[in-house]
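# Compute the structure for the input listed below.
(2 chains, ligands or ions: 2)
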Amino acid sequence: MNVLPLKDDSVAAKHTTQFKVVPLRHPWRWTAAGLVAILMLLLTQAVVSNPNLQWPVVASYILNPIILQGLWITVGLTLAIMFFASVIGMIVALMMLSPSKMLSLPAAGFIWWFRGTPALVQLILWYNLSLIFKDITLWLPGLGTIFSIPTNTIMTPLVAAVVALSLHEAGYMAEIIRNGLKSVSRGQTEAALCLGMKPSLLLRRIVIPQAMRVIIPPTGNETINLLKTTSLVSIIAVGDLLYSAQAIYARTFETIPLLLVVTFWYLVVVSIMTVGQSYLERYYSRDEAGHDSAPVGLSRLGLILTMREKWRGAQ
Amino acid sequence: MKTNHFERFGVSSSVMIHASDVRKSYGSYEVLKGVNVSVPNGSVACIIGPSGSGKSTFLRCINHLEDINSGLLLVDGDFVGYRLKDDRLHELRASQICARRAEIGMVFQHFNLFPHMTVLENLMEAPVRVRGEKRAEARQHALELLRRVGLAEKASAYPRQLSGGQQQRVAIARALAMRPKVLLFDEPTSALDPELVGEVLSVMKDLARDGMTMVVVTHEIGFAREVADQLIFMDGGTVMEQGDPREMIANPKSPRTREFLAKVL
Ligand SMILES: Nc1ncnc2c1ncn2[C@@H]1O[C@H](COP(=O)(O)OP(=O)(O)OP(=O)(O)O)[C@@H](O)[C@H]1O
Ligand SMILES: [Mg+2]
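Numbers count the residues shown, from 1 in each chain, chains lettered A, B, ... in the order given. Ligands and ions are numbered 1, 2, ... in the order given. Next up, the predicted model:
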């Protein structure tokens, strides 16, 4: 009768010490991976060997000064617009959170208007501002006209692009920032108030740093979106990356290779932005990790740098 | 900026917190229906009472996290959120209240440490940026306070890495870093696992022994009996009974107090 429990005991002992675990096999996963690999090969072959893509022409335009000039305009526009959009977005978000309807309603209206209309429409509207307001005039009661300038001298294509897209983007940023500010618990503000912090100090030192954790990820996506949205400005003849490429292929008819050059540069900038974003994310959630773990962004950057080093060495 | 109303209202200058007929409503619902409390300098007052009786609200009125509707509420002889002018109390702007609030420390049920700062930064933030202390000086003081609450080795940890009891001790140290005249505690041990309650209470006992004026909302009757100079029983927005804790616990006068004590003891 006591054979059974003995046997059980030994099995239990073996179970924890001696049995080897055979992992589950995934035959279908391998089959699927194989299929994908074959498709990729076919696609690569089709792309590489297709003479219509004119790879040598693509290579010859990658570092073309006109293209690079356009690239800088695109990047500069993105950074400038994002800067203005964040500042305006922060103001609008704070207005939204104000208990006073006199502030929160106009803020809601701002978001409604600038998020609700397409960027392209706003761009063209601002560019044609002179059709609505012929002159921009500052007039003060008692003092009369301080200055008056024709709208067209101010609303150059570049200014129209920055104004239109900043306001458009601010509509989105306001919502993102508002969500971030709201995510910080009331207990945090109360604790700070009890320590005698002024509302402005409290916002700067306690609320915003914590809100950043919620704000950064969608802002990264917004920046990447914005980078691509700036290509709309080619419509009002701002010399961005796309416009520069168009200017060249209008002459040479090398349409496809130049669009590939444009694609290449957009991908490069987006990749760099992604690294920056993950670095920022790590920075603002540093309390969650141990304190000595290096930010992912940095280590990824390190990887890219070592890769470049190797590439140089190979040359 | 600070004025002294001790004489004008006939309050002894040894009184740290004086509340008489303090009323507070949310909309049409009156939460505090005329609270009278007096906490002398260097003494400990414990407030007990059933849920919803207005204990937290009263505490929050003391440092003007909530405004009051009527009554007199003085901390060290002056109003916290108001200025007396032409026999009326004019509410101050948030930035004007800060200096007064900095003298009143508060410890919360859920600690409310700043999660994005290390323990040391939590303690240094307000002294440096509100009181304008030198960083080195504030650092020294912060480390000294951490030693006092037994957490010197946690100075560079983030709050998330600490246990509840440790977080609450840091929160007490953070309040002390502002060198407050009085400390308010709102159920400081209610969110803690039972085995962590003791370490927080022992820090509070040390503070009481060192003569810190404290107002403590708590369910720890044992702590109240041992440390408090007066016990205040609140019920339905009023002070139902107050007096010597040992006497009150042994021998409650009001039937409501007896009923409540029977439940928590
Ligand atoms: N901001 C508010 N708005 C409306 N009513 C409130 C608000 N804060 C508190 N109250 C109400 O006031 C009453 C007293 O609340 P308070 O938090 O002071 O009670 P308490 O004695 O601290 O209770 P507990 O022991 O549960 O913490 C409750 O009925 C509560 O619902
Ligand atoms: Mg409460």
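# Identify the residue nearest the geometric centre of the chain.
I'll assume chain A. The residue lying closest to the centre of chain A (CA atoms, centre = their mean) is A:Thr223, at 2.5 Å.
# think we crossed wires, I meant chain B
Centroid check for chain B by CA atoms, centre = their mean gives B:Leu184 as the closest residue, at 0.6 Å.
# State whether that residue is indeed within a helix.
No - counting by DSSP: H, G, I helix; E, B strand; the rest coil, B:Leu184 is not found in a helix; it is strand.
# and the stretch 51-200 of chain B, which residues reach ligand 1?
B:51-57 (CB under 6 Å from any ligand atom). To be clear about C-beta, it is placed using only N, CA and C from the backbone, and glycine gets the same treatment.
# shouldn't A:Ala161 be in contact with A:Leu77?
Yes - A:Ala161 sits in contact with A:Leu77 when judged by CB atoms under 8 Å, with a separation of 6.4 Å.
# mind checking the longest helix of chain A?
In chain A, with assignment by DSSP state H, the single longest helix is helix A:65-97.
# elements contacting that one?
Helices and strands touching helix A:65-97, by 3 or more CB pairs under 8 Å, 6 or more residues apart in numbering or on different chains; DSSP states H and E, are helix A:101-116, helix A:157-182, helix A:208-229, helix A:241-252, helix A:255-284.
# Could you pull out the buried residues of that helix?
Buried positions in helix A:65-97, judged by neighbour count with 16 or more other CB atoms under 10 Å in any protein chain shown: A:67, A:70-71, A:73-75, A:77-78, A:80-82, A:84-86, A:88-90, A:92-96.
# and if you look at stretch B:143-157?
Those would be B:143, B:145-146, B:148-149, B:151, B:154-155, B:157, for stretch B:143-157 by 16+ other CB under 10 Å.
# Need phi/psi at the most far-flung residue of chain B relative to its centre.
Relative to the centre of chain B, the most outlying C-alpha is that of B:Asp86, 30.6 Å out, by CA atoms, centre = their mean. Backbone torsions of B:Asp86, given as degrees, to the nearest 10, read phi 50, psi 40.
# Pull the number of nearby residues for B:Gln166.
When neighbours are counted by other CB atoms under 10 Å in any protein chain shown, B:Gln166 registers 21.
# and it, which of the three is it?
helix.
# ok, it touching B:Leu151?
Yes - contact between B:Gln166 and B:Leu151 holds when scored by CB under 8 Å: they sit 6.0 Å apart.
# residues contacting the nearest residue in space to A:Ile66 that is not next to it in sequence?
Spatial nearest neighbour of A:Ile66, chain neighbours left out: A:Ser244 (4.9 Å); criterion: CB to CB, 6 or more residues apart in numbering or on different chains. Taking CB atoms under 8 Å, 6 or more residues apart in numbering or on different chains as the contact definition, A:Ser244 lies against A:66-67, A:69-71, A:73.
# do that again at 6 Å, thanks
By CB atoms under 6 Å, 6 or more residues apart in numbering or on different chains, the contact list for A:Ser244 reads A:66-67, A:70.
# any idea how far it is from chain B?
43 Å (CB to the nearest CB, to the nearest Å).
# got the buried residues for the helix of greatest length in chain B?
Identified as the longest helix of chain B according to DSSP H is helix B:194-209. By 16+ other CB under 10 Å, the buried positions in helix B:194-209 come out as B:196-197, B:199-201, B:203-204, B:207-208.
# Can you tell me which of those residues is nearest ligand 1?
B:Val197 (16.5 Å; CB to the nearest ligand atom).
# State the distance from that closest one to B:Ile172.
14 Å (CB to CB, to the nearest Å).
# Same question for B:Asp87.
For B:Asp87, the distance to B:Ile172 - CB to CB - is 39 Å.
# The two - which one has more neighbours?
B:Ile172 (24 against 5).
# Next, the angle helix B:194-209 makes with the helix or strand encompassing that one.
B:Ile172 belongs to helix B:164-176 when elements are defined using DSSP states H and E. Going by axes from the mean of the first three to the mean of the last three CA atoms, to 10 degrees, helix B:164-176 is angled at 20 degrees with respect to helix B:194-209.
# Tell me the residue of the stretch 201-315 of chain A that sits nearest chain B?
Here the residue of the stretch 201-315 of chain A nearest chain B is A:Asp287; by CB to the nearest CB that distance is 3.9 Å.
# Run a quick neighbour tally on A:Ala192.
Count around A:Ala192 with other CB under 10 Å applied: 23.
# Okay, buried residues for the strand or helix carrying it please.
Mapping A:Ala192 onto the secondary structure by DSSP H and E places it in helix A:186-194. By 16+ other CB under 10 Å, the buried positions in helix A:186-194 come out as A:188-194.
# Flag every buried residue along the next helix-or-strand element following that helix.
Of the helices and strands lying after helix A:186-194 in sequence (DSSP H and E), the nearest is helix A:199-202. When burial is assessed from 16+ other CB under 10 Å, helix A:199-202 yields the following buried residues: A:201-202.
# Quick one: check helix A:199-202 for contact with chain B.
Yes - shown here: helix A:199-202 in contact with chain B (CB under 6 Å from any CB of the partner chain) through A:199, A:201.
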